[in-house]
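Chemist: make a model of this:
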Amino acid sequence: MKLDHIGIVVKKLESYGEAYASSLGLTVDSPIYYDPIQKVRIQFWSDGHGGRLELIEAASEDSPVKQALEKGRGLNHLCYEVNDIEARVQEAANRGAILTSQIVPAVAFGGRRVAFLYFRELGLIEFVEANPAAPTTTL
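Modeler: Modelled structure (predicted):
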């Protein structure tokens, strides 16, 4: 497992992106994606050293992140890249985590699957499946 990004709920992607750029020197790392499953607009920002933020904006009134923003929460989740998403989700559930969404393909990850789990001690954690290994050729 490795940390992929930190998800932060914001009111407006553009203005918060500009603030992270001017205050911390982050640079845009992706286009703006619309995720119809989560009902959000997202954009990734990078620190240039491997650290990434995912800025998350509610795209509709019934978006799951709308409530988090209304409660004043910015930090939404930590996302870890995992090799076997089904095994990690099952392992987490066996330890008491609650699966808050099914394992689904994500637009922002080129169709790689993600799952969100709630851990009582940790809060919301996202798993994203690792890129499949590049095919190997044998001579």
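Chemist: list the contacts of stretch 40-48.
Modeler: Contacts to stretch 40-48, defined as CB atoms under 8 Å, 6 or more residues apart in numbering, come from residues 5, 13, 17, 20-21, 24-35, 52-59, 63-65, 108. (Each C-beta comes from the backbone N, C-alpha and C, glycine too.)
Chemist: please repeat the previous calculation with a cut-off of 6 Å.
Modeler: With CB atoms under 6 Å, 6 or more residues apart in numbering as the test, stretch 40-48 has contacts from 13, 20, 26-27, 29-30, 32-34, 52-57, 59, 63, 65, 108.
Chemist: end to end, how far does stretch 49-64 reach?
Modeler: For stretch 49-64, the first-to-last residue distance is 31 Å (CA to CA, to the nearest Å).
Chemist: how about the strands of this structure, start to end?
Modeler: For the chain, applying DSSP state E gives strands covering 2-9, 27-28, 33-35, 40-46, 52-58, 75-82, 98-99, 104-105, 113-119, 123-129.
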